[in-house]
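Engineer: Sequence below, structure please.
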Amino acid sequence: MFRNRKFAVVVSLLLGLVAAMLVWNNNQRLQSQLQQEQAIQPAPVETPVSVVVAVRDIPAHTLLTPDLVKVAQVPPGLKLPDALTKVEDVAGKTTQYPIANGEQILPMKFATPKVSYGLADIVPAGKLAVSIEINELVAAGGLLVPGDHVDVLVTLNHQTAGKDLTEIILQNIDVLAVAQSYVNEQSSQTLAPAAINNVVSAIPGTSAGASPPPAQPPTPVADSALIHPDAKTVTLAVTPEQAERLILAEQQGRLSLALRPTGDTTTVEIPEATLSTIRSPLQQQVAEITGVTMSPTNARAGDTLTITITVKNTSNEVIHTQGPNPKFTYIQGQTFFSQNFPSQNGALRVGVSFDGHPSIDFPYRWGLGGDLAPGASTTVVGYVKLTYDMKPTNFWAGLIEEPATVLQDNEGTTLITVLPDNVAVVSVDAANVRSGPDLAASVVGQLGYGTEVPILGQEKDWFKIKMPDGRTGYVAAGWIIAPK
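Structural biologist: Presented below is the predicted three-dimensional model:
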């Protein structure tokens, strides 16, 4: 019986082994058949899809026209969500952000029309919106539109600036509004002719592989590029510092705007135009004065006036100079010629002149101390010994190409007063003379602007003076210029 059981176990094991082998063989056969079927079946082919892409870099605030875009074919996996597929969906839109060459055009790149509550919605962060009255739009012909960039020029007369001049005070400034129209404003008025032509020239049906029309430069416009031939008010986006200069220039002179080409963001140093240079040939300024100081402004006979002038070589050539060297001292009344420093043709020197018709233009002249390399700067210090009293007089610096070409004039104009010892000059329209050194003291007289009076003494912030009629009294220190 034991043998029968053992035999049954062996038989069961053999049958199980056979069954397992049959299952394994069947699985191998099925797997091989599946692999053969997959090898025979071709891989699926992805069909390219159409997208609209830029054919060149497109700045912000640009009216899109068919010549700026094309339809390209890309694999489905490379198409961005929401990418536009037809040129007709792009033409006539205005970009709010720059678009790079080859970039797919997305609706989010367009300026979104909205009902604006005012200019505050479009003023860039860190800037102010300043409106100015413009008498003439230089080079713009009155067709300035929001979104343009301009340079601001001011024209001043000799009564304001000491000479008649025009100069550029701000460069590459954003135009936020012209008259009552501003960037992103919704309007039903007519577009400017150039904008109309760009929209009308749309060629529907542009497809992949088709040749685009001849390239034209992008046309930046506002969402509503309105023409304003009679507009006088222009609103600019400026920094707080620029706002101060702009408002002061408007108050003191006449402003004009020069329209910049599309994409031009360069800023350059340009010398002012004056009546003395307006007929001269236009050429690169070889050098310029970048800084001037003079002190003391309230001096007395015997003091020395110190003049500091910084000069930069703005040319590509070495600048040659001559004597006298920096730190040379003139005595009031002398000139460079009387001190045996006559002009050497073509040499550059700095000089100082003053009101009152000096015998020679810029009688006090100094050399640069040596040749000045291109792009280099140097600071020249010169001295004038003040030997006699002088009523308040304007002194200024200039740059001279010897013998007589003034490259820069009226730089660092400073009012200098030279007083004799113990003499003061009234510096206000009317200075009260009081019986004592106190505002509560009675007024015993009054002195007009520029009156010279001897100083008899001083008590804190009050000077005891002798009036022209011989009487004495006290004048507050703030109303007079007195030697220190």
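Engineer: When you work out contacts or count neighbours from here on, use the C-alpha atoms and nothing else.
Structural biologist: Fine.
Engineer: ok so Gly77 is a helix residue?
Structural biologist: Yes - per DSSP: H, G, I helix; E, B strand; the rest coil, Gly77 lies within a helix segment.
Engineer: tally of neighbours for it?
Structural biologist: 9 (other Cα atoms under 10 Å).
Engineer: now swap in Gly375 and tell me
Structural biologist: 13.
Engineer: Assign it to helix, strand or coil.
Structural biologist: coil.
Engineer: May I ask you to confirm that it is in contact with Val318?
Structural biologist: No - taking Cα atoms under 8 Å as the definition, Gly375 is not a contact partner of Val318, at 9.2 Å.
Engineer: What does the pLDDT read for the residue lying closest to Asn157 once chain neighbours are set aside?
Structural biologist: Counting by Cα to Cα, 6 or more residues apart in numbering, Asp164 is the residue found nearest to Asn157 once chain neighbours are left out, at 4.2 Å. Listed pLDDT for Asp164 reads 82.
Engineer: Who are the contact partners of Asp164?
Structural biologist: Residues near Asp164 by Cα atoms under 8 Å, 6 or more residues apart in numbering: Thr155, Leu156, Asn157, His158, Thr274, Leu275.
Engineer: domains for the chain, by residue range?
Structural biologist: Listed domain ranges for the chain are 126-192+225-273, 287-419, 423-481 (source: automatic domain parsing).
Engineer: so how far does the longest one reach from one end to the other?
Structural biologist: The one in question is domain 287-419. 36 Å (Cα to Cα, to the nearest Å).
Engineer: and Thr335, what element?
Structural biologist: Counting by DSSP states H and E, Thr335 is held by no secondary-structure element, helix or strand.
Engineer: any idea of the pLDDT on it?
Structural biologist: 91.
Engineer: mind showing which ranges of the stretch 51-200 of the chain have poor pLDDT?
Structural biologist: Counting by pLDDT under 70, the ranges of the stretch 51-200 of the chain that qualify are 112-119, 121, 135-143, 180-200.
Engineer: in it, which spans are strands?
Structural biologist: 62-63, 69-74, 128-133, 136-138, 149-156, 165-178, 181-182 (DSSP state E, counting those that start in this stretch).
Engineer: could you say what helices and strands the first one packs with?
Structural biologist: Packing contacts for strand 62-63, counted by 3 or more Cα pairs under 8 Å, 6 or more residues apart in numbering; DSSP states H and E, involve strand 219-220.
Engineer: any idea of the mean pLDDT for the strand it packs on?
Structural biologist: When pLDDT is averaged along strand 219-220, the result is 46.
Engineer: likewise stretch 14-32?
Structural biologist: Across stretch 14-32, the average pLDDT comes to 71.
Engineer: Just the C-alpha atoms of that stretch, please, in PDB.
Structural biologist: What follows is stretch 14-32, C-alpha atoms only, in PDB (Å, rounded to 0.1, in the frame of the first residue of the first chain):
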ATOM      1  CA  LEU A  14       5.100  14.300 -13.700                       C
ATOM      2  CA  LEU A  15       1.600  15.300 -14.800                       C
ATOM      3  CA  GLY A  16       2.100  18.800 -13.200                       C
ATOM      4  CA  LEU A  17       5.500  19.300 -14.900                       C
ATOM      5  CA  VAL A  18       4.000  18.400 -18.300                       C
ATOM      6  CA  ALA A  19       1.100  20.800 -17.800                       C
ATOM      7  CA  ALA A  20       3.500  23.700 -16.900                       C
ATOM      8  CA  MET A  21       5.600  23.000 -20.000                       C
ATOM      9  CA  LEU A  22       2.600  23.100 -22.200                       C
ATOM     10  CA  VAL A  23       1.500  26.500 -20.700                       C
ATOM     11  CA  TRP A  24       5.000  28.000 -21.100                       C
ATOM     12  CA  ASN A  25       5.200  26.800 -24.800                       C
ATOM     13  CA  ASN A  26       1.800  28.300 -25.500                       C
ATOM     14  CA  ASN A  27       2.800  31.700 -24.000                       C
ATOM     15  CA  GLN A  28       6.000  31.800 -26.000                       C
ATOM     16  CA  ARG A  29       4.200  31.100 -29.200                       C
ATOM     17  CA  LEU A  30       1.600  33.900 -28.500                       C
ATOM     18  CA  GLN A  31       4.400  36.400 -27.700                       C
ATOM     19  CA  SER A  32       6.300  35.600 -30.800                       C
END
